[in-house]
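Colleague: could you work out the structure for the sequence below:
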Amino acid sequence: MCRLAGIDQVIRGNKMSSVTKSVEFGMYPKYELITSHTMRRSFATNYFGKIETPILMEITGHSRESTFLSYIGENPNKDAVADVFMERLRRLGNKGG
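Modeller: Predicted coordinates:
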C-alpha cells in the first residue's frame, strides 16, 4: 500500500533479510520499512488525547497505561494529574459550605 501511495523516499533503517534471516541496517525505500506495527503505533500516537486512553489501549492490546504511554512515547504528566486533583478537591470544598 505504501508503495502505491508513493511513499518511496530512501531512508536509513533496519530490515529483515530474507537471505540471511537477520536484521540488516541500510538504505531502503521507506515503503519497505513500514509494517503493520508501524501503522498500529502511528494510529495510537495520532489519536492520543483525541480518543479516551482506555479505548486506544483496547485497540492496541495494552493492559497497563504505563506500558501504553511508553509505547507511544508519552510520559505521564504527574503535575497535570495533581492539578486536576486539586481543582476537583477545591470544587468539593465549595459545595460543602
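Colleague: could you pull up the contacting residues of the closest residue to Tyr47 other than its chain neighbours?
Modeller: Distances taken as CB to CB, 6 or more residues apart in numbering place Leu56 nearest to Tyr47, at 6.1 Å, with adjacent residues excluded. For the C-beta atoms, the positions are set from N, CA and C on the backbone; glycine is no exception. By CB atoms under 8 Å, 6 or more residues apart in numbering, the contact list for Leu56 reads 44, 47-48, 68.
Colleague: ok, now with 7 Å
Modeller: 44, 47-48 (CB atoms under 7 Å, 6 or more residues apart in numbering).
Colleague: buried only: go through these for me.
Modeller: Buried subset of the contacts of Leu56 (neighbour count, 16 or more other CB atoms under 10 Å): Ala44.
Colleague: now the lengthiest helix in the chain: buried residues?
Modeller: When the chain is parsed with DSSP state H, its longest helix is helix 78-95. By 16+ other CB under 10 Å, helix 78-95 has no buried positions at all.
Colleague: tell me how far that helix lies from the chain's centre.
Modeller: In terms of CA atoms, centre = their mean, to the nearest Å, the centre of helix 78-95 is found 28 Å from the chain centre.
Colleague: which helices and strands sit right next to that helix?
Modeller: Secondary-structure packing of helix 78-95 (3 or more CB pairs under 7 Å, 6 or more residues apart in numbering; DSSP states H and E): no helix or strand packs against it.
Colleague: so what touches that helix?
Modeller: By CB under 7 Å, 6+ apart, helix 78-95 touches no other residue.
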